[in-house]
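Student: okay, predicted coordinates and the sequence, questions at the end:
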Amino acid sequence: MAKWGEGDPRWIVEERADATNVNNWHWTERDATTWSSDKLKSLLLGLSVENDDGRCEVTEVGKVEGEASINNRKGKLIFFYEWNLKATWTGESKAGVKYTGSIEVPNLSDENDMEDLDIAVSLNKDEPETPLTNLMKAKGAEKIREALGSYVGYLKTEFTQGMILPTANGVAKSTSQSKAKLDKTRISSSSGGTAAPINTGVKIPTCKFSLREKFLTSPADLYRVFLNQEMVQAFTHAQATVDGEKGGKFRLLEGNVFGEFAELVPDEKIVMKWRYNNWPCEHYATITMTFFDRSSETELKVDCRGVPDNEEERTKEGWKRYYFEAIKQTFGYGARLY
């Protein structure tokens with residue numbers, strides 16, 4: 001068996017192959033358990049719903065028990081996953097009263113359709129009754145179901161990169177057949193021997209680009225906007241977690257964006273590990289923000305490196321809309337765009 005931790009642990013997966021397994025044609029198995037655990041947590045944490053009674057949010061994913069793997073048998077991908085999940089939700093009424101409850105999903109499995117998932121939502125026993133429980137049981141459960149459906153989709157697309165290689169006759173096709181329907185007799189090599197297991201990492205093509213924007217404020221004031229939790233919540237119009245110190249974590253836009261502050265030079269530079277929650281697991285872009293004092297205004301240069309190729313336009317537009325424009329509109333730092 002391959003050992004986890006050799007090379008870059010963020011990308012290493014376990015793969016078994018026999019000595020005659022040219023182009024992954026006979027049998028390989030890739031362990032998706034650690035990747036899946038991280039993906040499930042990122043998809044669920046921060047999910048929120050709201051109505052006239054108040055707002056509810058998934059604030060903790062406390063239990064992710066189970067396993068997941070992908071088998072490649074004669075060019076066909078066969079998926080297996082089975083999970084038992086427990087999470088915590090918190091709600092706040094319009095009057096400011098806070099409540100806490102739990103969520104349990106005991107049967108997320110390749111053997112069950114997404115519509116058949118049991119999503120149990122309850123209010124903690126010591127809490128008074130609240131209509132927010134019904135909000136979580138209806139809209140909240142539906143959002144959770146959608147997030148878990150996204151996990152299955154990512155498992156079958158994002159994690160499977162490189163599992164089926166081109167053959168002499170073209171590109172082999174994949175299927176979504178579950179492991180439960182699979183004949184468990186594995187094909188061994190003709191010689192009866194087995195080669196040493198190998199480690200395989202998922203590599204994705206990335207790009208780099210730069211953005212520039214001017215703001216009618218000082219470098220010090222603009223620098224503070226990105227590190228102050230209250231100010232981030234103000235311009236994103238949503239709850240956020242921001243620890244504005246070197247090594248501090250941030251999570252904003254309902255958990256769709258998160259990362260870590262890698263380097264801070266007061267009023268001059270911020271370097272972040274930054275990602276969207278649906279990027280390949282543990283893949284971060286490096287965002288370097290440099291603040292230039294232009295007398296009556298500040299010019300901000302944003303250098304982005306390591307952005308997945310297929311996410312370039314989305315990332316550019318996201319920074320322009322959810323950072324630049326939102327900051328100007330919220331704090332009155334408007335300046336001519338160029």
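Tutor: Good, I have the coordinates.
Student: give the buried residues for the helix ranked longest in the chain.
Tutor: If you go by DSSP state H, the chain has its longest helix at helix 141-157. For helix 141-157, a neighbour-count test (16 or more other CB atoms under 10 Å) marks 141, 143-145, 147-148, 151-152, 154-155 as buried. C-beta here means a position set from N, CA and C on the backbone, and glycine is covered the same way.
Student: could you give the average pLDDT over it?
Tutor: What helix 141-157 shows for mean pLDDT is 84.
Student: show me the contact partners of it.
Tutor: Applying CB atoms under 8 Å, 6 or more residues apart in numbering, the external contacts of helix 141-157 come out as 32, 36, 39-40, 43-44, 47, 49, 58, 68, 70, 77, 79, 81, 103, 105, 108, 114, 117, 119, 121, 174, 176, 278.
Student: now intersect these with the strands, please.
Tutor: Residues of the contacts of helix 141-157 located in strands (DSSP state E): 49, 58, 68, 70, 77, 79, 81, 103, 105, 108, 121.
Student: hey, what's the fifth one bridged with?
Tutor: If I follow you right, that is Leu77. Following DSSP bridges, Leu77 is listed with bridge partners Asn72.
Student: if I look at it, how far off is Asp53?
Tutor: 44 Å (CB to CB, to the nearest Å).
Student: cool, the last one as well?
Tutor: To Asp53, Val121 is 15 Å away according to CB to CB.
Student: between these two, which one's more packed in?
Tutor: Taking other CB atoms under 10 Å, Val121 and Asp53 do not tie; Val121 has more neighbours (20 against 17).
Student: next, give phi and psi for Asn112.
Tutor: Dihedral pair for Asn112: phi -110, psi 140, per degrees, to the nearest 10.
Student: got the ones in strands among the contacts of helix 141-157 as CSV, with pLDDT and distance to Arg251 columns?
Tutor: Shown next, in CSV, are these (pLDDT from 0 to 100; distance: CB to CB, whole Å):
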residue, pLDDT, distance to Arg251
Val49, 92, 18
Val58, 95, 12
Ala68, 90, 24
Ile70, 83, 29
Leu77, 72, 32
Phe79, 80, 29
Tyr81, 90, 25
Ile103, 96, 19
Val105, 95, 22
Leu108, 92, 23
Val121, 95, 23
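Student: with distance to Glu127 as new columns, can those residues be given to me in TSV?
Tutor: Output for the ones in strands among the contacts of helix 141-157, formatted as TSV (distance: CB to CB, whole Å):
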residue	distance to Glu127
Val49	18
Val58	17
Ala68	34
Ile70	41
Leu77	45
Phe79	39
Tyr81	33
Ile103	14
Val105	21
Leu108	26
Val121	13
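Student: which of those sits closest to Asp303?
Tutor: Set against Asp303, the nearest of the ones in strands among the contacts of helix 141-157 by CB to CB is Val58 (33.3 Å).
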